[in-house]
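>>> sequence unknown, structure follows:
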């Protein structure tokens, strides 16, 4: 197989950075939604 070219490595690193940003955004959004659901649940229970 050999070593990948610099272009391939650069492209993969760029893709990794973009996916990492997307995951962070999704995790933050999910956290907000979970917190809202918990608040709503306690509002109904109390």
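Perfect, I can see it now. Source: prediction; values computed, not measured.
>>> just the element for the residue positioned nearest the centre of the chain, please.
For the chain, the residue sitting closest to the mean C-alpha position, by Cα atoms, centre = their mean, is residue 23 at 1.1 Å. In the assignment (DSSP states H and E), residue 23 maps to helix 6-45.
>>> and that helix, what does it pack onto?
With contacts defined as 3 or more Cβ pairs under 8 Å, 6 or more residues apart in numbering; DSSP states H and E, there are no secondary structure elements packing on helix 6-45. Just so you know, the C-beta spots here come from the backbone N, C-alpha and C atoms, and that holds for glycine as well.
>>> how far away from the center of its chain is that helix?
Its chain's C-alpha centre and that of helix 6-45 lie 3 Å apart, by Cα atoms, centre = their mean, to the nearest Å.
>>> returning to that earlier point: how far away is the residue nearest to the centre of the chain from residue 37?
Relative to residue 37, residue 23 is positioned 21 Å away (criterion: Cβ to Cβ, to the nearest Å).
>>> next one: residue 10
Summarising the geometry, the distance separating residue 10 from residue 37, computed by Cβ to Cβ, is 41 Å.
>>> what mean pLDDT does stretch 32-44 get?
Across stretch 32-44, pLDDT averages out at 95.
>>> what's the neighbour count on residue 16?
When neighbours are counted by other Cβ atoms under 10 Å, residue 16 registers 10.
>>> with that, I have no additional questions.
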